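Asks: Curious how this folds, go ahead:
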Amino acid sequence: MDSLLATLFSVLLAEIGDRPQILGAALALRFGNDRPIIIALALATALNCLISAAAGSVIDDWISEDPLRLFNGLAYIFAGIGMLAWRRRVELLDGWKTGPFLTAFFGLFILQFGDKGQFIIAANAALTPHWLFTAIGGWMGIMAAIIPAIILKEKLAGLLPIPTIRRAGGILLLVWGLWQALRAWRII
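Replies: Numbers count the residues shown, from 1 in each chain. Purely as a prediction, here's the structure:
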């Protein structure tokens, strides 16, 4: 259960104002129908989270505790840096001739693949024998971040201080990652 909650909150924080959230809102605006976007998001995110957590579970079998903790720390450090750094422009998939479901499914799946949330999920799954809980926590965190953007669209930016959340979240993830890395090196 610890892994589920830790992953849920860290991935939720990492996804605020991130490219999948922006793409979800843009696709909902483009197609004018939230339901297929949300269903596609749920399925694409579930697949990504399962892949990430299963990969972390495999890594757990190969590596001892301290390198796993270092991997975990690095995942959080890079997530924090990613939140503090300049964000690349989001490709809105205007040229895709598929409908709302397929555009959202493949667009969000590809965008999430290799994203910071995926590394956090893999790193957390590597530290626990209950990797499925980590996948569920990651899925819940991503869904909690992106569904409001799909429903509220551009209104979300007016309701939340997204730049402030990104800065504070980036610092928080960076500090947590440094803490984990220093523990792995047995400095603290």
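
Asks: Over to Trp96. Which of the three states is it?
Replies: coil (DSSP: H, G, I helix; E, B strand; the rest coil).

Asks: name the element the residue nearest to it when sequence neighbours are not counted belongs to?
Replies: Counting by CB to CB, 6 or more residues apart in numbering, the nearest residue to Trp96 once its immediate chain neighbours are dropped is Thr103, at 4.9 Å. (Each C-beta comes from the backbone N, C-alpha and C, glycine too.) Element membership for Thr103 (DSSP states H and E) is helix 100-112.

Asks: Then Leu93?
Replies: Per DSSP H and E: Leu93 is located in neither a helix nor a strand.

Asks: Quickly note the distance from it to Leu173.
Replies: Using CB to CB, to the nearest Å, one obtains 28 Å as the distance from Leu93 to Leu173.

Asks: Compare those two and say which is more crowded by neighbours.
Replies: The neighbour count for Leu93 versus Leu173, taken as other CB atoms under 10 Å, is higher for Leu173 (25 against 18).

Asks: which residues sit in contact with the more buried one?
Replies: Shown here is Leu173, whose contacts under the criterion CB atoms under 8 Å, 6 or more residues apart in numbering are 10, 13-14, 76-77, 79-80, 83.

Asks: biggest separation within the residues you listed, which pair?
Replies: Comparing every pair within the contacts of Leu173 by CB to CB identifies Leu13 and Ile77 as the most remote, at 14.3 Å.

Asks: Tell me which of those two has more neighbours.
Replies: Leu13 (23 against 19).
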